[in-house]
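Trainee: Sequence and predicted structure are below.
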Amino acid sequence: MTKKIVFLIFPGNGKSGFINLNQSKINDHILSFGFGLNQNGYLTYHLSWPKIIFFPFLYLKYKPEFIIITPHPRSILVLIWKLFGFLHKKYFVYWDDFYTEMMGKNYPVSLISFIEFLNIKKSDFIFTPSKYLKNIAENIDKRALFLPHGVNIKTFKSVKAAHLPSNIFKVVYVGSINHYKRSSKLFDLAKKNPSVRFYIIGHVENSIKFKPLENMFFLGYLPSTKFYSYVKACDLALITADQDSTIKMYFYIGLGVPILALNGRSAYVLKNNYTGIISDDLNEGLKFSLNNPKVLKHIKQNYKKFKLFDWKELAKMVVNKIKLIRK
């Protein structure tokens, strides 16, 4: 029996082509979503930049059963086909990020916003890893399903902590260092707390200017097998961005490292002093963490009860929802 082809159009992620069911590893966590679709009976073709330019030809060639697309600005060609009535298949949007906020500073904000929200408006259904974005979708009368990021749960159980000093309180930050993620707060925090070690895993954008501090250790990009070890060896994981949809949140929970986050969208997922330290001021949150080890221990225990999903489970949820919608 020939498998039905579906298009997964994530213009900002990875390479284009069919996602091979026999692949042992997919580097991009979002593409694991497509791998999960394969495991649920579909043949998934991922379309990214720059091959998305050839979307009309690929659409006519493969005749996909349906399309799942992110509202990234590069999705505009697919959106045009939708607007002019050339696209007759169901159009599902995976609203995975805050594109207008994230890209509006460096690109025409009105255009970014137009593409993002027109995708949402024209969608047949929305999947999103953000409860905040789910609320926005429903406020404009669009049906949406909250779909938390998937993780490899089995991997977390086998991770061994890196050999870091045990007599010093350690904070880890994973991700890009940029203005959108409010990374300046990380440097302020390190400056105010010289007795705490900060391990930074990720790329520092050129636009960020800072003076290195003795208690900050920049490890650069690390593959998951290595950065998991560093995370597990730390006492606290820091989230500075105003997001409730970062996959790192689920990494930290799976690895049992308490999260410190600014009060905001993170509160859609985390509960203060129960599954994280939520504070209006990161410095106050860090001080509280240093002075209340029992609370951190309590949070660690609660993480063991926190429901995590792998990508296969989430893909099955998506497939079941799509089947209901297409009936």
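Mentor: It's in.
Trainee: for the strand or helix carrying K82, packing partners?
Mentor: Assigned by DSSP states H and E, K82 belongs to helix 76-83. Applying 3 or more C-beta pairs under 8 Å, 6 or more residues apart in numbering; DSSP states H and E, we find helix 76-83 packed against helix 55-62, helix 109-122. For the C-beta atoms, the positions are set from N, CA and C on the backbone; glycine is no exception.
Trainee: Reformat the ones you listed as TSV; add mean pLDDT, mean neighbour count and distance to G175.
Mentor: Output for these, formatted as TSV (pLDDT from 0 to 100; neighbours: other C-beta atoms under 10 Å; distance: least, C-beta to C-beta, whole Å):
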stretch	mean pLDDT	mean neighbour count	distance to G175
helix 55-62	94	14	30
helix 109-122	95	17	21
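Trainee: which stretch among those comes nearest F156?
Mentor: Between F156 and those, the tightest spacing by C-beta to C-beta is seen for helix 109-122, at 32.7 Å.
Trainee: So what's the gap between that closest one and the chain middle?
Mentor: Distance of helix 109-122 from the chain centroid (C-alpha atoms, centre = their mean, to the nearest Å) equals 20 Å.
Trainee: what's next to it, contact-wise?
Mentor: 69, 71-73, 75-76, 79, 82-83, 91, 93, 95, 99-100, 103-104, 126, 137, 140, 142 (C-beta atoms under 8 Å, 6 or more residues apart in numbering).
Trainee: If any of those residues are buried, put those into a ChimeraX selection.
Mentor: Buried residues within the contacts of helix 109-122, by 16 or more other C-beta atoms under 10 Å, are selected in ChimeraX with:
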select :69,71,72,73,75,76,79,82,91,93,95,99,100,103,104,126,137,142
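Trainee: So which of the contacts of helix 109-122 are in strands?
Mentor: Among the contacts of helix 109-122, the residues falling in strands (DSSP state E) are I69, Y91, V93, I126.
Trainee: Flag every buried residue along stretch 176-186.
Mentor: For stretch 176-186, burial by neighbour count (16+ other C-beta under 10 Å) applies to I177, N178, Y180, K181, S183, K185, L186.
Trainee: I figured the third one was touching T100, is that so?
Mentor: I take that to be Y180. No. Y180 is not in contact with T100 according to C-beta atoms under 8 Å; the separation is 11.1 Å.
Trainee: quick revisit: I'd like the average pLDDT over the helix holding K82.
Mentor: Per-region confidence: helix 76-83 scores 94 on mean pLDDT.
Trainee: Compute the inter-axis angle for that helix and strand 90-94.
Mentor: Angle, helix 76-83 to strand 90-94, by axes from the mean of the first three to the mean of the last three C-alpha atoms, to 10 degrees: 140 degrees.
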